[in-house]
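Using only what follows, build the 3D model:
(one chain, ligands or ions: 1)
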Amino acid sequence: MKAGFIATRSRANPLTMKALSLVPSYRAYREIYTLLQRSQWWSKEELAAYQTQALSRLLEHAYEHVPYYRRVFRERGLVPADIATPADLVHLPFLTKEIVQANLPDLKARNYPESAFEYVRTSGSTGTPMGFYYEKGVSRAREWAFMKTQWDRVGYRFTDRCVVLRGHVVDAASSGTYWKKALFGRWLIMSSHQMTEEALPAYIDRIRRFKPRFIHAYPSTAVILARYMREHDIEPFPTVKAVLCGSENLYPWQRSLLTEVFGCRVFSWYGNSEQTVLAGECEESTHYHIFPEYGIVELIGKDCRPVRGPGAMGEVVATNLTNYVCPLIRYRTMDVAVATEKQCSCGRGYPLLEKVEGRLQEFIVTRGGHLISVTPINYESGAFENIRQFQMYQEEIGELIMKVVRKPAYTEKDTRQLTRELRWQLGDEVNVHVRFVDEIPRTEGGKFRYLIQKLPITLGDL
Ligand SMILES: [Zn+2]
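Predicted coordinates for the structure are as follows:
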């Protein structure tokens, strides 16, 4: 996830522990991690009480010390006491990326010194960059406490060897290889930009010799490795206990491919760098368990009102409960998810998301103006066999361009099969045009987008 804070010892001696407890980042980590050990087993009522209290504290603070929120409350004739529970949040306006950009100086809490602010920039779903603030040394540490608590569910320990296949570029010119070790040799960070057919055998050999217990990956990067391994009948890595997938939506076809090839659990989570929502799978299910201690999550529909009930789909609107330096209240993530009211057999009383459909910009617009999620599309069907890489691109309603990087065995027959398959999966309302390209670039952060959507999509289109 977001590197920056690293707990280095699992069995530190008491002296070291005492010294560490004086470091703010370690204190923040320890505090949240300790809380989560208990709170994850609280009843729904206990969790609700915790959230209500945390929300009140946050709103009091925002009203008192953050000029933007002071204005928001005053303009509506409200005081923090009027928002007594998370359900009352509807009385406050949404916070969009645009609003954050336009009001950033006023979103900074006045009772923190300048040294407490760490400026963070995110590229945002429409490619518009957005900046906000973390509490320096604290926000990242807290994030690790939540992440570690999630990974505990698949047995992760800080001492475990871990292969990292995320957006990194390792400079081969200086190191001679496409990977480097970090965290005292426990993490093998591998470049995701050089994973070509030619280089992949060396990657696989290195991973095997490294004997990792976990692979920490962007799904799109792990998929490149997995497809190669399957095509060449390469045995899974026997030491790997789980593939930890985050930062990109994990599509069903990716999950089944990774599970098949690596022969282990694929564990994913959903979150954002704005740290407004974090939700992960558990020991027993692939539903996303929302951390109520992290933030308050609402799903809103077309009319911007909360959607409720089983299977309800809406945009994720989330309120961070721990960032006091730059509070983000009712922040519109532009991500679309489906809620479920099911109770998980693991026993946690956390609210669940059945699935995350991805960003609003990850929907295809049909001729009739309907939206189709790219999530259920199965790229593992035979039609994709001779395709090395692909990316969908839409700039006209009802028209979809499929960019394809061919394998040597690709023929005209594959184009026909691909068009037929997509027509079958997307219906008659979308025309598919196949275009051949030499390569498909990743985003600046090394992530991969399966759909570049140039049409503006708003919640009202859902
Ligand atoms: Zn569960």
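
how about the strands in the stretch 301-450 of the chain?
With DSSP state E, counting those that start in this stretch as the criterion, the stretch 301-450 of the chain has strands at 313-320, 331-340, 352-359, 363-365, 371-373, 387-396, 399-406, 431-436.

Each with direction, which strands does the first one pair with?
Put plainly, it is strand 313-320. Sheet pairing of strand 313-320 (DSSP bridges) gives strand 295-300 (antiparallel), strand 331-340 (antiparallel).

which stretch among the ones you listed comes nearest the ion?
Proximity to the ion (C-beta to the ion) singles out strand 331-340 among those, at 11.5 Å. All C-beta spots, glycine's among them, are computed from the backbone N, C-alpha and C.

And that closest one, what's buried?
For strand 331-340, a neighbour-count test (16 or more other C-beta atoms under 10 Å) marks 331, 332, 333, 334, 335, 336, 337, 338, 339, 340 as buried.

hang on, the earlier thing: as a markdown table, the strands paired with strand 313-320 with mean pLDDT and distance to the ion would be great.
Putting these into a markdown table (pLDDT from 0 to 100; distance: least, C-beta to the ion, whole Å) gives the following:
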| stretch | mean pLDDT | distance to the ion |
| --- | --- | --- |
| strand 295-300 | 96 | 16 |
| strand 331-340 | 93 | 12 |
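
Nearest to residue 368, out of these?
strand 331-340 (19.4 Å; C-beta to C-beta).

just the angle between the closest one and strand 352-359, please?
Relative orientation of strand 331-340 versus strand 352-359 (axes from the mean of the first three to the mean of the last three C-alpha atoms, to 10 degrees): 130 degrees.

Could you pull up the residues touching the spatially closest residue to residue 150 that is not a sequence neighbour?
Nearest non-adjacent residue to residue 150, counting by C-beta to C-beta, 6 or more residues apart in numbering: residue 280, 3.9 Å away. By C-beta atoms under 8 Å, 6 or more residues apart in numbering, residue 280 lies in contact with 150, 153, 267, 268, 269, 270, 288, 289.

where's residue 280 relative to residue 270, distance?
Separation of residue 280 from residue 270 (C-beta to C-beta, to the nearest Å): 7 Å.

which residues are in contact with both of those two?
Residues touching both residue 280 and residue 270 comprise residue 288, with contact defined as C-beta under 8 Å, 6+ apart.

thought residue 327 was touching residue 108?
No. Judged on C-beta atoms under 8 Å, residue 327 makes no contact with residue 108 at a distance of 9.8 Å.

out of those two, which sits in the busier spot?
Per other C-beta atoms under 10 Å, whichever of residue 327 and residue 108 has more neighbours is residue 327, with 25 against 20.

for the more buried one, what are its contacts?
So residue 327 contacts 58, 61, 62, 66, 69, 107, 109, 320 (C-beta under 8 Å, 6+ apart).

give the contact list for the residue in the stretch 101-250 of the chain positioned nearest to the ion.
Closest residue of the stretch 101-250 of the chain to the ion, C-beta to the ion: residue 153 (8.3 Å). Going by C-beta under 8 Å, 6+ apart, residue 153 touches 267, 280, 281, 282, 283.
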